[in-house]
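**Q** Here is my input; please provide its structure:
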Amino acid sequence: MGKLFGTDGVRGIANQELTPELAYTIGRAGAYILAKEKRGKILIGKDTRASGDMLEAALTAGFCSMGIDVVSLGIIPTPAVAYLTRKYGALAGVVISASHNPGEYNGIKFFNHEGLKLPDEVENQIEDIILNNKEIEIRPIKNYIGRVYNEVNGAKDYKEFLKSSINVDLHGLTIAMDCGNGALYKIGPEIMKELGANVIAINTSPNGMNINDNCGSTNPEIIQKLVLDTKADVGISFDGDADRIIAVDEKGELLDGDHILAICGTDLKNKGKLKNNTVVGTVMTNIGLDLYLKENDINIVKTTVGDRYILEEMLKNDYSLGGEQSGHIIFLDYNTTGDGLATGLHLLDVMLSTKKKMSELNQLMKSYPQVLINAKVDNNLKYKYLENVEIKAEIERIENLFKGEGRVVIRPSGTEPLVRVMIEGKDQAEITKIAQDLADFIEKRIGN
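**A** Predicted coordinates:
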């Protein structure tokens with residue numbers, strides 16, 4: 001796989017790229033770096049993929065061989081693992097999930113004892129052990145070998161945490177949910193019903209391979225249709241590990257992460273809870289959000305793509321709200337990672353407290369047309385696109401063409417052999433053609 005850690009942990013096709021042998025080695029190396037030879041426990045949660053059991057068993061063996069106990073949380077959302085790692089006083093937490101990727105993929109990502117994703121330098125230390133085949137001589141015996149425990153209250157504790165941090169009464173609301181056959185398939189509908197909502201939930205029957213399969217937050221037309229067909233007040237759709245959300249208003253119009261930041265940023269500012277009067281976005285944030293926030297005297301700072309980089313910026317400068325267009329939204333006063341379910345509850349809280357329909361809130365900012373097209377490239381070259389003189393010159397030519405009324409953002413995928421080409425401007429047809437032409441241009445020069 002080359003460099004192991006991408007933007008969100010280690011990912012690959014399960015049992016081909018992400019093998020149980022690699023998972024075992026990741027377990028030993030991860031325990032060595034994160035536990036620092038302390039006795040203690042590491043939590044493991046997973047989504048609904050068939051390969052999750054295999055990888056959990058291998059990771060568990062690696063941890064236990066280092067004298068670390070393992071607490072298995074079962075199928076549970078990523079943000080729940082981040083929270084429970086803190087609540088249960090664990091040395092670390094691990095999520096086995098490939099997020100929005102298809103069912104044949106899987107992934108491994110770590111949280112430290114504070115529920116924070118690992119910084120690059122810590123991941124590099126784990127990688128160094130694995131890629132350079134460094135031997136870890138720690139081999140406890142007898143009763144010093146780690147043991148495995150099943151935590152049956154994890155989902156309950158997470159739900160209680162959400163309900164205690166977001167005080168909202170959903171009686172009288174009809175909420176449509178697309179659970180994506182993922183980690184939230186059971187918890188999501190349960191908590192909405194417990195808060196009083198009438199819930200219409202779909203894709204709640206995972207079979208090990210149907211996670212994200214024409215459903216969930218990467219297939220928003222499903223939740224749009226469900227809202228219109230059922231006349232729901234709002235729709236919410238999640239990805240496989242439920243750390244992101246895409247919402248839909250009662251008219252069937254989408255609310256992506258930028259619109260959610262506009263709504264929740266305004267609400268937090270009005271309540272005096274928007275720390276340092278700033279929202280954190282990324283280079284992919286729609287320029288429409290920039291303009292809206294500026295008009296409302298709210299600052300925006302931008303990071304590279306990836307919720308871990310948003311979080312680092314938030315921690316560094318004491319900000320309370322940040323997120324991505326894809327629906328990763330972090331409310332740092334409540335949790336240390338993107339939380340799709342919590343974000344949905346925050347949105348509903350704003351809707352109820354302002355007594356506005358979601359469609360009205362959805363009009364706060366106006367999105368500029370954006371086009372995102374993937375260029376299929378050689379995986380070894382995806383980070384070197386600007387070293388190609390022709391590609392660099394073509395990007396500069398397009399930027400000059402826009403004359404400040406559009407922009408080009410090129411971003412290598414952290415998990416796939418792709419370079420993502422994003423073009424933003426005023427004319428949808430024009431930018432679509434430009435984006436496709438540029439993607440084709442890149443493929444011809446660094447494609448497979």
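**Q** mind giving me the domain ranges of this structure?
**A** 5-152, 157-252, 255-339, 370-446 (automatic domain parsing).
**Q** Would you single out the least confident of these?
**A** Out of these, domain 370-446 stands lowest, with a mean of 88 (criterion: mean pLDDT).
**Q** chain center to it, what's the gap?
**A** Centre-to-centre, domain 370-446 and its host chain are 23 Å apart (Cα atoms, centre = their mean, to the nearest Å).
**Q** ends of it, how far apart?
**A** Start-to-end span of domain 370-446 (Cα to Cα, to the nearest Å) is 24 Å.
**Q** do stretch 178-190 as well
**A** Taking Cα to Cα, stretch 178-190 runs 13 Å from one end to the other.
**Q** what's the distance between that stretch and the middle of its chain?
**A** With Cα atoms, centre = their mean as the basis, stretch 178-190 stands 15 Å off its chain's centre.
**Q** Make JSON lines from the domains of the chain and add mean neighbour count and distance to residue 359 to it.
**A** In short, each C-beta sits where N, CA and C put it, glycine included. Compiled in JSON lines, these are given as follows (neighbours: other Cβ atoms under 10 Å; distance: least, Cβ to Cβ, whole Å):
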{"stretch": "domain 5-152", "mean neighbour count": "20", "distance to residue 359": "26"}
{"stretch": "domain 157-252", "mean neighbour count": "21", "distance to residue 359": "4"}
{"stretch": "domain 255-339", "mean neighbour count": "20", "distance to residue 359": "10"}
{"stretch": "domain 370-446", "mean neighbour count": "17", "distance to residue 359": "21"}
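**Q** between these, which one is nearest to residue 353?
**A** domain 255-339 (7.6 Å; Cβ to Cβ).
**Q** For residue 277, give its distance to residue 299.
**A** Noted for residue 277: a distance of 6 Å to residue 299, by Cβ to Cβ, to the nearest Å.
**Q** Assign the nearest residue to residue 357 once chain neighbours are set aside to helix, strand or coil.
**A** Sequence neighbours aside, residue 250 is the residue nearest to residue 357 in space, at 6.0 Å (criterion: Cβ to Cβ, 6 or more residues apart in numbering). Using DSSP: H, G, I helix; E, B strand; the rest coil, the structure places residue 250 in coil.
**Q** residue contacts, residue 250?
**A** Neighbour list for residue 250: 227, 231-234, 357-359 [criterion: Cβ atoms under 8 Å, 6 or more residues apart in numbering].
**Q** mind running it again at 10 Å?
**A** 174, 176, 227-228, 231-235, 357-360, 362 (Cβ atoms under 10 Å, 6 or more residues apart in numbering).
**Q** ditto for residue 336
**A** Residues in contact with residue 336 (Cβ under 10 Å, 6+ apart) are 79, 82-83, 85-86, 111-112, 114-117, 311, 314-315, 330.
**Q** In the residues you listed, find the pair that's most separated.
**A** Between all members of these, the farthest pair (by Cβ to Cβ) comes out as 85 and 314, at 18.3 Å.
**Q** what separates the most far-flung residue of the chain relative to its centre from residue 32, distance-wise?
**A** Distance from the C-alpha centroid of the chain, by Cα atoms, centre = their mean, peaks at residue 142 (40.0 Å). In this view, residue 142 and residue 32 are 20 Å apart by Cβ to Cβ.
**Q** same deal with residue 90?
**A** 16 Å.
**Q** Please enumerate the strands of the stretch 201-350 of the chain.
**A** Secondary structure of the stretch 201-350 of the chain (DSSP state E, counting those that start in this stretch): strands located at 234-238, 245-248, 254-255, 278-282, 299-303, 321-323, 329-331.
**Q** Could you find the closest non-adjacent residue to residue 353?
**A** Nearest residue to residue 353 in three dimensions, chain neighbours excluded: residue 267, at 7.6 Å (Cβ to Cβ, 6+ apart).
**Q** mind listing what that neighbour touches?
**A** Residue 267 sits next to 273-274, 321, 346-347, 349-351, 353-354, 361 when contact means Cβ under 10 Å, 6+ apart.
**Q** Can you flag the buried ones in the residues you listed?
**A** Using 16 or more other Cβ atoms under 10 Å as the burial test, the contacts of residue 267 include 274, 321, 346-347, 349-351, 361 as buried.
**Q** For the chain, just list every one of the helices.
**A** Remark: helices assigned in the chain by DSSP state H are 20-35, 52-65, 78-87, 120-131, 154-165, 187-194, 221-230, 257-270, 287-295, 307-317, 340-354, 358-361, 389-402, 428-446.
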